[in-house]
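*Asks:* coords below, sequence missing:
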């Protein structure tokens, strides 16, 4: 733990009044106006927004297996640059994170990188094959302390297996994060099914394929009283189902990705697979519904689904390309544009949707705490003024599949602190 | 005309009509000749890049390019480096290095010609991409209708069959609309794409109801494998409801024509005696295809020089 003492001056705490923050021994030691700078390293933060360090429930770090696309280290650096202090590393690696051994390996790599807390997600089923439960308890009891389980990339399609998984993880307050996709309705699917897919001759991915699974799983989770988390909600219909399920008092949470809050399916008209993602980009009506749902809490949080891919997996025909897009470094700017710029969320709301809520869902006690004295100094300083064009070549990620390339996005992350130690200063990764 | 022909939507009424008119001129220019060749594209290289088997389309483009005196390279994916995992991009860079002026591409994946166009300097002609488009097929169909009926404006064209998976249907709907024809699509509801409501075409599930007013009826190939995916129950039921047989032919106006892009499933979407009747333009479509593709290559590569 760093013994450095930092004085962050003039930051607007969660978007409210400006104040100074004294960071000492990894904690927020003092908070007030006109704190003494003696013996501290000053971080001038006038006009910047201070938020609790962001928490991502949905990150693909690709290690082990596809270190050419991303490593725990490079992904952690991208996370820090995006203002994240904790990320959940998805289980669809090679080998799959379906044993205590693999999740501990990922966890240790995260500790070694030291740029953000890497919390492994465990697979629900062995090899993501959807046939047999993985050793969920062993992963929960491991050093990685896994609480979120997901076959993400694939849906747990078997309803009986899904029920058992939901029930089983109650023993250690786990949660099943479902990639909701009725795969019989999405065979060969390439993009949102609608006017665009009809014109482009790309096989459609109907909204109903997502909504059917969310409805099914909500009913099962309600029946057995378990926690269900719905990954990357992408349709207006899903929002309606979630709203209904939550009205029953069932323990259901949901996330939306930055790209589903900003981008629409018409981008597929270029046939550039940088816009290919699963679930696919939807219509502007869906985007509006998702934004409204995030604002009113029907959708609990933003999660990036950061999905790095090697160049050769994207410089192909659309149908041959792998789905997924980068998201860690641009997430806060995208939310700033889609939610803050539109007046749907204030900065306190952003703090909740990008830090507090995901930390609570993921069971990360030391993250997602408000910016108050005594809490661990997990912080991000964001400059909401100005905008700049996204340049993928400047990314810390090993991959370049950035759907915002060339697009003007507002604001920038100036600094990130992990337990009092700067992982980013003046927009540059430290160490 | 644009540098590429990727979609029928690349053509406005003027440029589409120019292609059809040029095709007529090509026909006339060759009609009297002993040697069926024009010197127009001498020294130019046209590559036929076929990732899908299609002898008829490849041959048609090859003949068109050769009749314009271009050098033609047939680059078939079968047995080439492509089947060994070489990417489309590498293939594009190779063709570029060889100095091709135009690449005619047939590919099983929608949008492949768009990707290719981003990687090479020469012209790209879409010769059929996945379930997206086949613009030169639409041009030759329009040419055929115009020749037989004397015009396109206000004509009623019925397109019947697997619209969902048909690149021919997509290109025809766009081009025929551009040229002023009224298109009606007829298919079982399973074979009509969600989103069709945005197309400039009417949709009907009842072939018998639309036939009496049709000027041209275009039958699409229906693959038998669609049956196993439950798009329709049996081949016989498909034929009964959507096949063009002699009785249905009799419901059409006397001058109306029957078209098919080929290859046909005789006895499935079209009865043999209908395919072979005098009302059928199926053989003409093939020969018109060469003229239309000559016109496309000429206008893309030769520009304003006289034919």
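*Replies:* Cool, got the structure. Please read all numbers here as calculations on a predicted model, not as lab measurements. Numbering: from 1, shown residues only, chains lettered A, B, ... in the order given.
*Asks:* flag every residue of chain A that's near chain B.
*Replies:* Counting by CB under 8 Å from any CB of the partner chain, chain A comes close to chain B at A:190, A:193-204, A:206, A:270-272, A:312, A:315-320. C-betas here are computed from N, CA, C, even on glycine.
*Asks:* what lies in contact with the helix or strand containing residue A:214?
*Replies:* Using DSSP states H and E, residue A:214 sits in helix A:207-224. For helix A:207-224, contacts defined as CB atoms under 8 Å, 6 or more residues apart in numbering or on different chains pick out A:155, A:159, A:162-163, A:166-167, A:178, A:180-183, A:185-186, A:189, A:192-193, A:226-228, A:230, A:233-238, A:241-242, A:244-245, A:248, A:250-252, A:279, A:282, A:286.
*Asks:* can you say which of these are buried?
*Replies:* Those of the contacts of helix A:207-224 that meet the buried threshold are A:155, A:162-163, A:166-167, A:178, A:180-182, A:185-186, A:189, A:192-193, A:226-228, A:230, A:233-238, A:241-242, A:245, A:250, A:252, A:279, A:282, A:286, by 16 or more other CB atoms under 10 Å in any protein chain shown.
*Asks:* what about the residue positioned nearest the centre of chain A, distance to residue B:49?
*Replies:* Chain A has residue A:303 as the residue nearest its centroid, 2.5 Å off, counting by CA atoms, centre = their mean. Relative to residue B:49, residue A:303 is positioned 42 Å away (CB to CB, to the nearest Å).
*Asks:* for the residue in the stretch 1-150 of chain A that chain B sits nearest to, phi and psi?
*Replies:* Relative to chain B, the nearest point of the stretch 1-150 of chain A is residue A:68 (15.8 Å; CB to the nearest CB). Backbone torsions for residue A:68, taken as degrees, to the nearest 10, come to phi -70, psi -30.
*Asks:* that older thread, which ones among the residues of chain A next to chain B lie within strands?
*Replies:* residue A:204 (DSSP state E).
*Asks:* go through chain B and flag its longest helix.
*Replies:* The longest helix of chain B (DSSP state H) is helix B:13-31.
*Asks:* packing partners of the helix or strand that comes right after it?
*Replies:* Sequence-wise, the next helix or strand downstream of helix B:13-31 (DSSP H and E) is strand B:45-50. Strand B:45-50 is packed against helix B:55-67, strand B:71-76, helix B:88-98, strand B:102-107, with contacts defined by 3 or more CB pairs under 8 Å, 6 or more residues apart in numbering or on different chains; DSSP states H and E.
*Asks:* low-confidence ranges in chain A?
*Replies:* A:1-3 (pLDDT under 70).
*Asks:* what does the domain assignment say about it?
*Replies:* A:6-49+A:375-429, A:52-362 (automatic domain parsing).
*Asks:* on that earlier part again, test my guess that the residue nearest to the centre of chain A contacts residue A:229.
*Replies:* No. Using CB atoms under 8 Å, residue A:303 makes no contact with residue A:229, being 9.3 Å away.
*Asks:* list residues touching both of those two?
*Replies:* In contact with both residue A:303 and residue A:229: A:57, A:255, using CB under 8 Å, 6+ apart.
*Asks:* dihedrals phi and psi, the closest residue to residue A:400 other than its chain neighbours?
*Replies:* With sequence-adjacent residues excluded and distances taken as CB to CB, 6 or more residues apart in numbering or on different chains, residue A:400 is closest to residue A:392, at 4.6 Å. Here is the backbone geometry of residue A:392 (degrees, to the nearest 10): phi -60, psi -30.
*Asks:* can you check residue A:6 too?
*Replies:* Dihedral angles for residue A:6 - degrees, to the nearest 10 - are phi -120, psi 140.
*Asks:* that one bridge partners, please.
*Replies:* Beta-bridge pairing of residue A:6 under DSSP bridges involves residue A:23, residue A:41.
*Asks:* buried sites along the helix holding residue A:214?
*Replies:* A:207, A:209-218, A:220-222.
*Asks:* can you check stretch A:284-299 too?
*Replies:* A:286-287, A:289-291, A:293-295, A:298-299.
*Asks:* between the residues you listed, which is nearest chain B?
*Replies:* residue A:286 (14.6 Å).
*Asks:* residues in contact with the helix or strand in which that closest one is found?
*Replies:* Using DSSP H and E, the secondary-structure element containing residue A:286 is helix A:284-296. With CB under 8 Å, 6+ apart as the test, helix A:284-296 has contacts from A:207, A:233-236, A:239, A:242-243, A:256, A:260-264, A:299, A:302, A:338-339, A:342, A:344-345, A:349, A:353.
*Asks:* ok, which stretches of the stretch 51-200 of chain A are helices?
*Replies:* A:72-81, A:100-113, A:136-141, A:159-168, A:195-200 (DSSP state H, counting those that start in this stretch).
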